[in-house]
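Novice: Okay, here's the prediction I keep looking at, along with the sequence it came from:
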Amino acid sequence: MTYTQLALLAAVAAVLADTVLLRTRLLGRRLFWTAYAIVLGFQLVTDGILAGRHVVSYDPAVILGPRLCFAPVEDLLFGFAMVTLTLSTWVRLGRRGRPVRGRPVRNAGHSRSVRRRAAAARARPGPTTASRRASGTDTRRSSTR
């Protein structure tokens, strides 16, 4: 297979993984394309340095020919595939400690008891600011005092 064919295969596989296998549908989100644009900028810088200084070289017979920042355009497809597959997998496995398929995630931030206590504290009515100030128990500083 040529470099171009492998790059196309990687990009198609990443799109299928996102839409069919993992079903995260990241490609339809603006946030994904914003993140990809940031990664793309750094990828172009890195490709330019590596290919421009001849750290890596490409056989002209296996690439399309056009280059962007000294690297073949096929490198953009590999970068796209890598970012798409990584982010799709991250979302699918449950970013920020969200459970996958109803299973709790261990050590994903706060324990269940901490979350319960915080929820209970939010639900308990407390004294109003006016009543704290009237009783002299308001220790917060205010610029309006």
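Specialist: Yep, that arrived.

Novice: Residue 36 contacts residue 80, doesn't it?
Specialist: Yes - using Cβ atoms under 8 Å, residue 36 is in contact with residue 80, at 7.0 Å. Bear in mind the C-beta positions are built from the backbone N, C-alpha and C, glycine included.

Novice: can you pull the buried residues of the helix or strand where residue 85 lies?
Specialist: Per DSSP states H and E, residue 85 falls inside helix 74-93. Neighbour-count burial for helix 74-93, counted by 16 or more other Cβ atoms under 10 Å, picks out 74-81, 83-85, 87-88, 91-92.

Novice: neighbouring contacts of that helix?
Specialist: Contacting residues not belonging to helix 74-93 are listed as 3-4, 7-8, 10-11, 13-15, 17-18, 22-24, 26-27, 32, 35-36, 39-40, 43, 47, 63-64, 68, 100 [Cβ atoms under 8 Å, 6 or more residues apart in numbering].

Novice: Who are the contact partners of residue 19?
Specialist: By Cβ under 8 Å, 6+ apart, the neighbours of residue 19 are 25, 27.

Novice: From residue 13, how far off is it?
Specialist: Distance of residue 19 to residue 13, given as Cβ to Cβ, to the nearest Å: 11 Å.

Novice: follow-up on the earlier one: extract the CA atoms of the helix holding residue 85 and return them as CSV.
Specialist: Provided in CSV are the C-alpha atoms of helix 74-93 (Å, rounded to 0.1, in the frame of the first residue of the first chain):
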residue,chain,number,x,y,z
GLU,A,74,-1.2,12.8,3.6
ASP,A,75,0.2,13.6,7.0
LEU,A,76,-2.9,15.7,7.7
LEU,A,77,-5.1,12.6,7.2
PHE,A,78,-3.0,10.7,9.7
GLY,A,79,-3.2,13.5,12.2
PHE,A,80,-7.0,13.7,11.7
ALA,A,81,-7.3,10.0,12.2
MET,A,82,-5.2,10.1,15.4
VAL,A,83,-7.1,13.0,17.0
THR,A,84,-10.6,11.6,16.0
LEU,A,85,-9.9,8.2,17.3
THR,A,86,-8.3,9.4,20.5
LEU,A,87,-11.1,11.9,21.4
SER,A,88,-13.9,9.5,20.3
THR,A,89,-12.5,6.8,22.6
TRP,A,90,-12.1,9.2,25.4
VAL,A,91,-15.7,10.3,25.2
ARG,A,92,-16.9,6.7,24.8
LEU,A,93,-15.1,5.5,27.9
